[in-house]
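Student: Sequence plus predicted model, see below.
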Amino acid sequence: MAKERTRNETPVFETIFLRDMEITGEINVTGDLVVMGKINGNISCTGTVTVTEGAVVRGDITGSEADVDGLVNGNIRAVDFTLRENARIEGRVEALKYRIFGGKIDVSVISFSA
């Protein structure tokens, strides 16, 4: 499901994978992505990748922002990174800005370069 919204008069699309959806394969999104279900594969996104509570991503995430409250089994590369209370990261996180509100990062190397 995708919906259009604007950011500074430029159309931005938001793609949402619902809780009952499971996708296997590479995901490339122009705009923002909200993951509520399961994705088995790498994600590349021009906007924000949001992994909600209960969602699972088994693959790497690349985006301008990553906001995680679910499970990510893979590496994350973003300019801005937010780790929420229910998040669990099993991999490496590379970002310029970090916001941490709880959560857990396992077997990781945190880098301050994007």
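Tutor: Cool, the structure landed.
Student: alpha carbons only for contacts and neighbour counts from here, please
Tutor: OK.
Student: which residues of this structure score low on pLDDT?
Tutor: Scanning the chain for pLDDT under 70 picks out the ranges 1-13, 106-114.
Student: Would you map the helices across it?
Tutor: For the chain, no helices are identified by DSSP state H.
Student: Bridge partners for the residue most central in space within the chain, pull those for me.
Tutor: For the chain, the residue nearest the mean C-alpha position is residue 49 (3.5 Å; C-alpha atoms, centre = their mean). Beta-bridge partners recorded for residue 49 (DSSP bridges): residue 33, residue 66.
Student: Next one: it relative to residue 79, how far apart?
Tutor: From residue 49 across to residue 79, the span is 12 Å (C-alpha to C-alpha, to the nearest Å).
Student: Likewise for residue 89?
Tutor: Counting by C-alpha to C-alpha, the separation of residue 89 from residue 79 is 17 Å.
Student: more neighbours, those two?
Tutor: When neighbours are counted by other C-alpha atoms under 10 Å, residue 89 and residue 79 differ, and residue 89 comes out ahead with 23 against 18.
Student: circling back: overlap of the contact sets of residue 49 and residue 79?
Tutor: Counting by C-alpha atoms under 8 Å, 6 or more residues apart in numbering, the shared contacts of residue 49 and residue 79 are 63, 65.
Student: The residue nearest to the centre of the chain: what's it in contact with?
Tutor: When contacts are taken as C-alpha under 8 Å, 6+ apart, residue 49 is in contact with 32-35, 61, 63, 65-67.
Student: okay if I get these as TSV plus neighbour count?
Tutor: Putting the contacts of residue 49 into TSV (neighbours: other C-alpha atoms under 10 Å) gives the following:
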residue	neighbour count
32	23
33	26
34	18
35	24
61	23
63	24
65	23
66	27
67	20
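Student: now those residues in JSON lines, with distance to residue 43?
Tutor: Below are the contacts of residue 49 laid out as JSON lines (distance: C-alpha to C-alpha, whole Å):
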{"residue": "32", "distance to residue 43": "11"}
{"residue": "33", "distance to residue 43": "9"}
{"residue": "34", "distance to residue 43": "11"}
{"residue": "35", "distance to residue 43": "10"}
{"residue": "61", "distance to residue 43": "5"}
{"residue": "63", "distance to residue 43": "8"}
{"residue": "65", "distance to residue 43": "12"}
{"residue": "66", "distance to residue 43": "11"}
{"residue": "67", "distance to residue 43": "13"}
